[in-house]
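Give me the fold of what follows.
(one chain, ligands or ions: 1)
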Amino acid sequence: MVIKSAELETVCGITSKLPENTFPEIAFAGKSNVGKSSLINGLLNRKSLARTSASPGKTQTINFYNINKNLYFVDLPGYGYAKVSQEIRNKWGKMIERYLHASTQLKAVLLLVDIRHAPGENDVTMYNWIVANGYEPVIIATKLDKIKRSQKDKNIKVIRETLGCGKETKIIPFSAVSKQGKEEIWNLIEDSIQT
Ligand code: GDP
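As a prediction, the model looks like this:
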């Protein structure tokens, strides 16, 4: 995909009304620090359109990025954020669920997990929410450059088993450093918005 334009169009807080977009939406979910901003920036060839965790004052919002005026990337709030109280976390969980339930344009959900570790309880919960809302998430296993090539298959197997996903679920390893996996992810996005 040639990126002609990419801009942050709508930012939703806990009480905000979600936009009723008419273009297809691709959602990105994952715990804080998993590499979600880096993936979004990498896919869009931007350095800092999506704010990384290192940015001071990163707030927990649902961010809608308008891409080429015909597609949205929906950056869901990173969960498991240590500094946030349980009450706020529960509210965020509800907001993510509300979005998954309400969106009429959502074509694919990308769930990010770190390729180095087995997914945690929050990741399994997120996976199950996505499935419960009728979507089969595509798993993006981030930070591929941080493991040895020989560990890849074994780690992917652990991710698959921990999340409890079947063979039909795609798991795409990605590195924001080498950009490995970028083309496969774009192909998948393009396929999902065509249907
Ligand atoms: P977010 O909180 O999910 O948006 O995560 P960020 O994109 O901010 O990434 C968190 C940290 O991991 C940052 O220091 C990134 O530079 C780093 N990071 C993200 N993706 C990769 C990757 O593919 N490889 C490596 N080596 N580091 C990464």
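
who's the residue most central in space within the chain bridged to?
The geometric centre of the chain, computed from its C-alpha atoms, lies nearest to F28 (C-alpha atoms, centre = their mean), at 2.0 Å. Beta bridges link F28 to D75, L110, judged by DSSP bridges.

Was I right to think it contacts N41?
No. If you go by C-beta atoms under 8 Å, F28 and N41 don't touch, sitting 11.4 Å apart. Glycine gets a C-beta too; all of them are placed from N, C-alpha and C.

From the rest of the structure, what touches the worst-scoring helix or strand of the chain on mean pLDDT?
Lowest mean confidence among the helices and strands of the chain (mean pLDDT, DSSP states H and E): helix 86-102, at a mean of 84. For helix 86-102, contacts defined as C-beta atoms under 8 Å, 6 or more residues apart in numbering pick out 12, 14, 18, 27, 29, 60, 62, 74, 76-77, 79-81, 84, 106, 109, 125-126, 129-130, 133, 135.

and if we set it to 7 Å?
By C-beta atoms under 7 Å, 6 or more residues apart in numbering, the residues outside helix 86-102 that reach it are 14, 18, 29, 60, 62, 76-77, 79, 129-130, 133.

Just to be sure, which of those are found in strands?
In this view, the contacts of helix 86-102 that belong to strands under DSSP state E are 29, 62.

could I get the contacts of helix 86-102 as a markdown table with pLDDT?
Output for the contacts of helix 86-102, formatted as a markdown table (pLDDT from 0 to 100):
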| residue | pLDDT |
| --- | --- |
| I14 | 82 |
| L18 | 93 |
| A29 | 95 |
| Q60 | 79 |
| I62 | 92 |
| L76 | 93 |
| P77 | 88 |
| Y79 | 80 |
| W129 | 89 |
| I130 | 93 |
| N133 | 91 |
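
Compare the contacts of helix 86-102 and tell me which is most surrounded.
When these are compared by neighbour count (other C-beta atoms under 10 Å), A29 ends up highest, at 27 neighbours.
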